[in-house]
Each structure stands twice: as C-alpha cells, then as structure tokens.
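Peer 1: Quick one: sequence and predicted model below, then my questions.
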Amino acid sequence: MKQRALADLEVGAIGLGGMPMSIEGRPDEARSIATIHAALDAGVTLVDTADAYHRDANEVGHNETLIAKALASYGGDTSHVVVATKGGHLRPGDGSWTRNGDPAYLKEAAKASAQRLGVDAIGLYQFHRPDPEVPYAESVGALAELLDEGVIQRAGISNATVAQIDLANEVLGGRLVSVQNQFSPAFLSSRGELDHCAELGIAFLPWSPLGGIKSAGDLGGNHSAFATVAQAHGVSPQQVALAWELSLADVVLPIPGASRPASIQDSVRAADLELTADELEQLGSAAG
C-alpha cells in the first residue's frame, strides 16, 4: 500500500473499522477474527474500535476484547499495528446512545479499555463525542493527563468541529494526533474539518467512509459516477470512493467497517488505485 507516516499513523492507507463485528447483525466470532487477520495480511496498520461498540448492555468493550483476541492469535508481527479506541459515548443496551465527558469517567474508561486490549498503553485514544453537559476543554484535559501518565500513547478526538479541533490541540499542547469524523460521498459536512486537519498536519479518519452499514453496498447505485469510474478500472465503487477520499488530502486515513475478509481486502486496494484528474473532478462533482 502507498502510505506515509504522520504522527506515527500510516495515513494515505486504509484502516479497519471494527464496529460491524460487535453490534446488531454481527457475524460469529470466527468470521470476525478471520476478517481482522485478513486486514493484517493486507497491510492494515490501524484498527479502530470503541468501548461502546457492543450490542448488549452487559458486554461493554466487546469489540476491544475481540480485537485483542484477534491480535493475540495472529501468526505474524503486530508490534506496528495501532489500535485506536474511544471513550465518552455509551450504549445502555436499548439501542440508544448516551454521552459522558466527565474527566474522571474518561480516565477510568481509558484504563478499562487498556485492560481489555491487553496493553500497558493504548496506541490511540480518542474522545468519542462532545458532552453538552461538560466543558469541552475539561473533557480533552483528561486526554492530556492520560498522555502524561503514560496510559495512552496518542490522543485524538471524534465528531468534532473546527473550533473544537483548535481547542483540543491547545489543551493538549500541540499533541492532537487525529480527528475522526463522519465523511463519505454522501456525507460531506466534515469537509471543513478535513481541510483544517490538512493545514495542521493532523490525521483525519473518516468514519462510515462508504456511507454506513446500510448504504455501503448501494454506493454505486446512489452515486452513479462512482459506478462508472469503477467499471472503467474493473474495481468496486467502494474502492473508488475510498481512493477519492484519499486524494482529498495527504492526512486522510479512511476506516471502513468490515465483517468479512473479502470486504477489507477490497477496501485496502484503494490505496493503490490511480484515478485521473478528470475522474477525480467527476467524482467530486457527483458527491453529496
């Protein structure tokens, strides 16, 4: 895969989003582990998760535990693989989502995540979603303390605005490594944050880069230009979408979710897909 290092993250490549392996409709554990192993075989160096990626109320951290098991059972070297997890967004188990940006809670959540992942220090820990009941600087301040205490190696934020990116970077003393926002051909609202990250040299991790679990399979049908370009190259529309996202800035690192080995294997090939300037212009006009 073509890639370059940015703050020790391999941007310009494709990561793996672990969420589909742990929520409603998830596959059995054997297929999930096979999917993670296929990602590692294909050269993936970032695996994304969160303590809230689970289905039932009594299984917080299901995806973190699954990833830890997959890494432990992989036959090759995984020392270069960064597991990015998140805290501050919770699933009570009734299908809803809640938020908790309390600094004390975030610090305990990070330590619990490290235990589930089986690591002394989390590779990348991100504040999952702003809590309107807690000043943003206070929540991010917990990440600064976690960095200083060695509980986490890198700090990031998710679902953030441009102003929150700047505030977080200030609170972290310039140590903000990543921003993980929703972005896809169907969801362009975070383009300003993507461009801002490019200006600052901060990794931008699009989540649901193919439009989400329910829409990813229909990407070509919903955006015909992506299907047309895909046909010209003999690849999938999903691969074209990821290649288009990678072209937007050198700091982009998409994290498509996958629950089958074939899905992540196809996605990874986007890093080597060469699109012409005319094709990129055509795709940019069709997105949205």
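Peer 2: Happy to help now that I have it. Residues are numbered from 1 along each chain as shown.

Peer 1: can you pull out the strands in this structure?
Peer 2: 4-6, 9-11, 16-17, 46-48, 82-87, 89-90, 98-99, 124-127, 155-158, 176-182, 203-207 (DSSP state E).

Peer 1: hey, which of those strands is tucked in deepest?
Peer 2: Highest mean neighbour count among the strands of the chain (mean count of other C-beta atoms under 10 Å): strand 16-17, with a mean of 29. Glycine gets a C-beta too; all of them are placed from N, C-alpha and C.

Peer 1: hmm, who's touching it?
Peer 2: 35-36, 39, 44, 46-48, 207, 255-258, 264 (C-beta atoms under 8 Å, 6 or more residues apart in numbering).

Peer 1: redo that, cut-off 6 Å
Peer 2: Outside strand 16-17, the residues that touch it by C-beta atoms under 6 Å, 6 or more residues apart in numbering are 39, 44, 47-48, 255-257, 264.

Peer 1: and what of stretch 91-106?
Peer 2: By C-beta under 6 Å, 6+ apart, stretch 91-106 touches 52, 56-57, 87-90, 129, 131, 134, 138-139, 141-142.

Peer 1: Next: stretch 224-234.
Peer 2: 220, 236-237, 240-241, 279, 282-283, 286.

Peer 1: Ala57: how many residues sit nearby?
Peer 2: The number of residues packed near Ala57 is 11, by other C-beta atoms under 10 Å.

Peer 1: related to what we said a few turns ago, looking at the strands of the chain, which is closest to Leu246?
Peer 2: strand 9-11 (8.8 Å; C-beta to C-beta).

Peer 1: Each with direction, which strands does the closest one pair with?
Peer 2: strand 4-6 (antiparallel) (DSSP bridges).

Peer 1: the helices in the stretch 1-150 of the chain, which residues?
Peer 2: Along the stretch 1-150 of the chain, counting by DSSP state H, counting those that start in this stretch, helices occupy 29-41, 62-73, 103-117, 136-149.

Peer 1: just the CA coordinates of stretch 119-129, formatted as CSV?
Peer 2: The C-alpha trace of stretch 119-129 is given here as CSV (Å, rounded to 0.1, in the frame of the first residue of the first chain):
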residue,chain,number,x,y,z
VAL,A,119,-1.8,-3.3,26.6
ASP,A,120,0.2,-1.1,29.0
ALA,A,121,-0.6,2.0,26.9
ILE,A,122,-3.3,2.5,24.3
GLY,A,123,-1.9,3.3,20.9
LEU,A,124,-4.5,6.0,20.1
TYR,A,125,-7.3,7.1,22.5
GLN,A,126,-10.0,9.5,21.2
PHE,A,127,-12.7,11.4,23.0
HIS,A,128,-15.7,9.8,21.2
ARG,A,129,-18.3,12.6,21.2
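
Peer 1: I appreciate the help and will end here.
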